[in-house]
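Asker: sequence and computational prediction follow.
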Amino acid sequence: MTSTRPAKLTVIGSGLMGTALARAFAAAGHEVAVWNRTHAKAKAVGRGTVAFEKLGDAVAGRELVVVSLSNYAACAELFSSQGVSAALAGKTLVQLTSGSPADARSGLEWASAHGVDYLDAAILAYPAFVATEYATVFYAGSKAVFERHEGTLHAIAKNAVYVDEKIGSAATLDCAILEAYYGGTLAVLHAAAMCKAEGLNPKLFFAQKNSFLGLISVTADAAQGMVERNDFTGDQCSLNTHVAALEHIVRLSSDARISTRFPRELLENYRRALGAGLGEQELPAVFRTLEQD
């Protein structure tokens, strides 16, 4: 890892996340310029940062440029503006705008065509968690470029994870974790709704958090090995048994007059695995039907 000497950098974008990033860099002792299409928002960042009206002035003499805009379309529009590519040439651009792996690859194409070093990055944190132990940032791209700036990047998240040289891998890992988060959160909320509908105080369910989180952890560990070996045989609990349990959940939801959409979607996916002849295998065998989609 490189030293943590003060760096001269620019943060493009002064939304909630961009503001948090800029303030974290400044708090760590770095010289931070900020730019936003609406100059008043850039000025409002404050906290030791300097706002510039012109993007060219904001990036002049800076070695690192961190981009945090609303989407990649906004980035493309900005980067196609007159003089922007020339202003960024020779610098390192860290793209922290949320998007898909395809978006990240398009960003690399632009950067490569204009002599810009490029890191695709994804931050797993709310703005309030930036620079805390709860923040993680995934990075993909040239490992040499990442290592050159790693000390500086630790200002926004001590947990800076280099994923792979392959651009798009950071976005892929971020999307995978978020899918697990959103899907798991919906399942938890639906479970609480089932309890309430049956006259059971949901706090009794939430008090069992460690039970269902433990089951998820054990299953994830087992699934990792099974996916790697492409072997889903076992002697713990067959898919047939899991499908029967899901059928009970759908019936409970219907009887309690709450939405059955989510458990029915789960049941459909697991039944698809039965249709593929995987009923006697373990739960992670569903992975094979997802690959076929």
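Answerer: Yep, that arrived. Residues are numbered from 1 along each chain as shown.
Asker: what about the helices in the stretch 1-150 of the chain?
Answerer: Remark: helices assigned in the stretch 1-150 of the chain by DSSP state H, counting those that start in this stretch are 16-27, 39-45, 55-59, 72-79, 84-88, 101-113, 143-153.
Asker: what's the burial count for Arg47?
Answerer: As a burial measure, the neighbour count of Arg47 was computed by other CB atoms under 10 Å and equals 14. Every residue, glycine included, has its C-beta placed from N, CA and C.
Asker: give me the domain ranges for this structure.
Answerer: If the domains of the chain are taken from automatic domain parsing, they occupy 8-172, 208-292, with pieces of a single domain joined by a plus sign.
Asker: identify, out of these, the most deeply packed stretch.
Answerer: Across the domains of the chain, the average number of neighbours (mean count of other CB atoms under 10 Å) peaks for domain 8-172, which reaches a mean of 19.
Asker: against which helices or strands is the longest helix along the chain packed?
Answerer: The residue-count maximum for a helix in the chain (DSSP state H) belongs to helix 169-197. With contacts defined as 3 or more CB pairs under 8 Å, 6 or more residues apart in numbering; DSSP states H and E, the secondary structure elements packing on helix 169-197 are helix 101-113, strand 117-124, strand 136-141, strand 159-164, helix 202-206, helix 209-229, helix 239-255, helix 261-275.
Asker: His242: what's it in contact with?
Answerer: Contacts for His242 (CB atoms under 8 Å, 6 or more residues apart in numbering) come out as Tyr270, Leu283.
Asker: for Asp117, same thing?
Answerer: For Asp117, the contacting residues are Lys91, Thr92, Leu93, Ala111, Gly141, Ser142, Val145, taking CB under 8 Å, 6+ apart as the criterion.
Asker: pull out the buried positions in stretch 180-188.
Answerer: Residues of stretch 180-188 classed as buried by neighbour count (16 or more other CB atoms under 10 Å): Val188.
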